[in-house]
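Engineer: Can you look at this prediction? I've put the sequence above it.
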Amino acid sequence: MKKTILCIGAGYVGGPTMAVIADRCPDYKVIVVDKNEARIAAWKSENLPIYEPGLDDVVKRARGRNLFFSTDVAAGIYEADIIFVSVNTPTKMFGAGAGKAADLQYWEKTARDIIENSDRGKIVVEKSTLPVRTAEAMQRILDSNPKNLHFEVLSNPEFMAEGTAVDDLQNPDRVLIGAMETPSGQKALQDLVDIYSHWVPREKIKTANVWSSELTKLVSNAMLAQRISSVNSISALCEKTDANILEVSDAMGMDKRIGSRFLRASVGFGGSCFKKDILNLVYLCEHYGLPEVASYWEQVVLMNDYQEARFVEKIIRNMFNTVAGKRIALFGFAFKADTGDTRESPAIYVSQLLLEERAHLAIFDPKALDNARVDLKDEQGHIEYIDDPYEAAKGAHAIAVLTEWKEFAAYDYQKLFDLMEKPAFIFDGRNILDHQKLHGIGFNVFPIGQKALTHL
Ligand code: UDX
Ligand code: ADP
C-alpha cells in the first residue's frame, strides 16, 4: 500500500467519503475510527449505520480489502500518513457565541489525540465544516507538540448532500483543497490531489488557500439555503395573490443566470448543515465587526423558522381553528427524501407546534422513525410512530406531507380518504402530490404557494 489514510469520525460525512476513497484507491489503506462502538459495529455489519442509496455496494467492495473500521483511535493515528477529521461540530449551546458559534470541543480533542499518538509528522485534513480560520487554531495546537513534529493542516470541505452522497462523491462538481502557501503546505496539497486524481478529472480539483477553502463551504451552504428562503418567502405572497409558486419558480429557473435548482418551495429546509453553517457565518461576521452582514444572513434562518410556523398556522386556521384531540398523520419525518436523518428537520418544529395545540400525531416515515422517536422523546402529548401510511391515516382528520419521499405520490389516496375522518385535509408541505386528483377524491388540499382546493 502506498499510504495509510485515517478518518476520525464515522458519521454521515466520514463513512461514505472514506468508502468511496477506498473503493477508488485500492493502492491506499483506509481506516475509519470512531469512539462510538455501536457505530463502528454497524459499519462492520450487514446493517450500515446510515442509509444512503448505493452505499452498501461500495462498502462491500472495499471492506476487508483496503477499508477497515475500528474504535482504536490511537492505533489508527499512529499508523496513518494522512488524517481526515470529520468529527461533529454542532452549534455551541453554552457560553460565548451560544446558539450561533460552532462548538469545537470535539475538534480540539482530536488535535490533542493526534499529538499524543504520533511519532512522526502527518497531514491533517479538515473535513468537518468549520468556521474560517479554524485551521490556524488547529495548526497552533499541533505545533505545540513536545516532540517537535511537523503537522500540515489542509482544508478539504465536503460538498456531498445526503441521499445522493455516493453519487456526489463519485461524480463531484468539484473537489476543493485548501493549503498553506508554504513549500510544505503545497507538498501536502499535492498528496491530497494524488488521491482524488484516481477518479476526479484534474480540472475539477480546485486548489486554494486554507481560508478561502474554509469559507467556501460556509458560503456555499448559505447561498443554497438563501435560495430556498427566498422562494419560500415568495410562496407566502403567492398564497395571498393567486400567483402559483411552481409557475414562478419554473419560469424564473429557466433564466440561465438563475438556474432551476434549489428553488423548490417547501415547509422549510433542514439538515445538519444549513442552519448551523449560516449561524456560524453570522457569528463570524459579528466577531469581525460586520453587524449588517451578520443580520443579512441571519434573515435566511429567520425566514425558515417563519415558513415552518406558517405551515402549522395554516393547518390550524383551516381546520376550524382547533386541532386539539384531532389525529394528524405526518407523512415524512426525515429532513429530505432518501435519508433517515432527521437533524434540524422541519418535522421536529412542526410536531412540537402541533403538540402544543394538543393534536394527536401519527408519524410515518419509510426510514426515519427511529430518529423521530429520539427527537420527540421529551415532548408531552399523544404521539404514535407507525410504519404503514394507511395505518397512520386511519381515523385522521388530516395528512401533512413533510418530506419529499417519491413513494408518497404513489399511494392509493382513495383508500386513504376512505380511512379518514371527514372533512379530510391534506397539507402538502413539499408540493409533491397531484392536487387536482386529490380534490376530485374529496380532499381539501392545501399546497405551499398555490391556491388551496377545497369543498368547504
Ligand atoms: C447540504 C448541501 O447541499 C451539501 O453540499 C453540504 O455538503 C451539506 O448540506 P444536505 O443537508 O444533505 O446537503 O441536503 P440538501 O439537499 O442541500 O437539502 C437541504 C434541505 O433543503 C432539505 O431539507 C431539503 O428538503 C430542502 N430543500 C432543498 C428545499 O426545501 N427546496 C429545494 O429546492 C432544495
Ligand atoms: P457528520 O454529519 O458531520 O458526519 P456525525 O455526528 O454523523 O457528523 O459524525 C461525527 C462522528 O464523530 C460521530 O460518530 C462521533 O462519535 C465521532 N467523534 C467525535 N469526536 C470524536 C473523537 N474525539 N474521536 C473519535 N470519534 C469522534
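Structural biologist: Structure's in. What do you need? Ligands and ions are numbered 1, 2, ... in the order given.
Engineer: Which residue ranges of the stretch 51-200 of the chain form strands?
Structural biologist: Per DSSP state E, counting those that start in this stretch, the stretch 51-200 of the chain carries strands over the ranges 67-70, 82-85, 123-126, 152-155, 175-179.
Engineer: can you tell which of those is closest to ligand 1?
Structural biologist: Shortest distance between ligand 1 and the strands of the stretch 51-200 of the chain, using C-beta to the nearest ligand atom, is found for strand 175-179: 11.1 Å. Where C-beta positions appear, they are placed from N, C-alpha and C, glycine not excepted.
Engineer: correct me, but A393 touches A329?
Structural biologist: Yes - in this structure A393 lies within contact range of A329 using C-beta atoms under 8 Å: 4.7 Å.
Engineer: Give me the common contacts of those two.
Structural biologist: 362, 399 (C-beta atoms under 8 Å, 6 or more residues apart in numbering).
Engineer: now K314: how far from D27?
Structural biologist: Applying C-beta to C-beta, to the nearest Å, the value for K314 to D27 is 56 Å.
Engineer: what do you get for L176?
Structural biologist: 23 Å.
Engineer: Have a look at these two and say which one is more surrounded.
Structural biologist: Between L176 and D27, L176 has the larger neighbour count (other C-beta atoms under 10 Å), namely 22 against 10.
Engineer: Would you quantify the distance from that one to E384?
Structural biologist: 44 Å.
Engineer: what's the answer for G440, then?
Structural biologist: 29 Å.
Engineer: cool, and C285?
Structural biologist: Taking C-beta to C-beta, one finds C285 at 43 Å from E384.
Engineer: which of these two has more neighbours?
Structural biologist: Shown here are C285 and E384; by other C-beta under 10 Å, C285 has more neighbours (18 against 13).
Engineer: check contacts around G259.
Structural biologist: G253.
Engineer: Next, give phi and psi for it.
Structural biologist: Main-chain torsions, G259, degrees, to the nearest 10: phi 80, psi 160.
Engineer: How is the protein partitioned into domains?
Structural biologist: Domain assignment for the chain by automatic domain parsing gives 3-200, 209-456.
Engineer: Can I get the ones you listed in JSON lines including mean pLDDT?
Structural biologist: Formatted as JSON lines, those follow (pLDDT from 0 to 100):
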{"stretch": "domain 3-200", "mean pLDDT": "94"}
{"stretch": "domain 209-456", "mean pLDDT": "97"}
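Engineer: Figure out which of those domains is closest to ligand 2.
Structural biologist: Ligand 2 sits nearest to domain 3-200 of all these, at 2.0 Å, using C-beta to the nearest ligand atom.
Engineer: From start to finish, how long is that closest one in a straight line?
Structural biologist: 19 Å (C-alpha to C-alpha, to the nearest Å).
Engineer: Is it in proximity to ligand 2?
Structural biologist: Yes - shown here: domain 3-200 in contact with ligand 2 (C-beta under 6 Å from any ligand atom) through 8-14, 33-36, 39, 73, 86-88, 106, 109-110, 113, 128.
Engineer: Show me where the stretch 251-400 of the chain has its helices.
Structural biologist: 274-287, 291-318, 346-356, 369-375, 389-393 (DSSP state H, counting those that start in this stretch).
Engineer: Quick check: which of the ones you listed is nearest to A161?
Structural biologist: Shortest separation from A161 across the helices of the stretch 251-400 of the chain is recorded for helix 274-287, at 10.5 Å, computed as C-beta to C-beta.
Engineer: one step back: would CSV of the strands of the stretch 51-200 of the chain with distance to A101 be doable?
Structural biologist: CSV is the format used below for these (distance: least, C-beta to C-beta, whole Å):
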stretch, distance to A101
strand 67-70, 32
strand 82-85, 18
strand 123-126, 17
strand 152-155, 18
strand 175-179, 21
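Engineer: would you turn the ones you listed into TSV with distance to ligand 1?
Structural biologist: Listed next are those as TSV, based on distance: least, C-beta to the nearest ligand atom, whole Å:
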stretch	distance to ligand 1
strand 67-70	22
strand 82-85	15
strand 123-126	14
strand 152-155	14
strand 175-179	11
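Engineer: Who are the contact partners of the closest residue to ligand 1 within the stretch 1-150 of the chain?
Structural biologist: Using C-beta to the nearest ligand atom, the point where the stretch 1-150 of the chain gets nearest to ligand 1 is T129, with a distance of 7.4 Å. T129 makes contact with 89, 157-158, 217-218, 221, 273, 276-277, 280 under the criterion C-beta under 8 Å, 6+ apart.
Engineer: Would you mind checking those residues for buried ones?
Structural biologist: 89, 157-158, 217-218, 221, 273, 276-277, 280 (16 or more other C-beta atoms under 10 Å).
Engineer: Specify which member of those residues is nearest to V20.
Structural biologist: E158 (11.1 Å).
Engineer: how about that closest one, phi and psi?
Structural biologist: The phi and psi values for E158, taken as degrees, to the nearest 10, are phi -100, psi 130.
Engineer: Distance of it relative to E344?
Structural biologist: Taking C-beta to C-beta, one finds E158 at 17 Å from E344.
Engineer: C273 too?
Structural biologist: Look at C273 and E344: by C-beta to C-beta, they are 9 Å apart.
Engineer: Apart from its neighbours in sequence, what residue is nearest the residue positioned nearest the centre of the chain?
Structural biologist: Geometric centre of the chain, nearest residue: G271, 3.2 Å, by C-alpha atoms, centre = their mean. Computed as C-beta to C-beta, 6 or more residues apart in numbering, the closest residue to G271 that is not its neighbour in sequence is F335, at 4.7 Å.
Engineer: how about the residues of the protein near ligand 1?
Structural biologist: Contact residues, the chain versus ligand 1 (C-beta under 6 Å from any ligand atom): 158-162, 221, 224, 228, 262-264, 266, 269-271, 273-274, 335-336.
Engineer: What remains of those if I keep only buried residues?
Structural biologist: Applying 16+ other C-beta under 10 Å to the residues of the chain next to ligand 1 flags 158, 160, 162, 221, 224, 228, 262-264, 266, 269-271, 273-274, 335-336 as buried.
Engineer: and the two most separated of the buried ones among the contacts of T129?
Structural biologist: So, the buried ones among the contacts of T129 by C-beta to C-beta: farthest apart are E158 and N280, at 15.2 Å.
Engineer: ok, how many other residues are close to N36?
Structural biologist: When neighbours are defined as other C-beta under 10 Å, N36 has 14 of them.
Engineer: Noted, bye for now.
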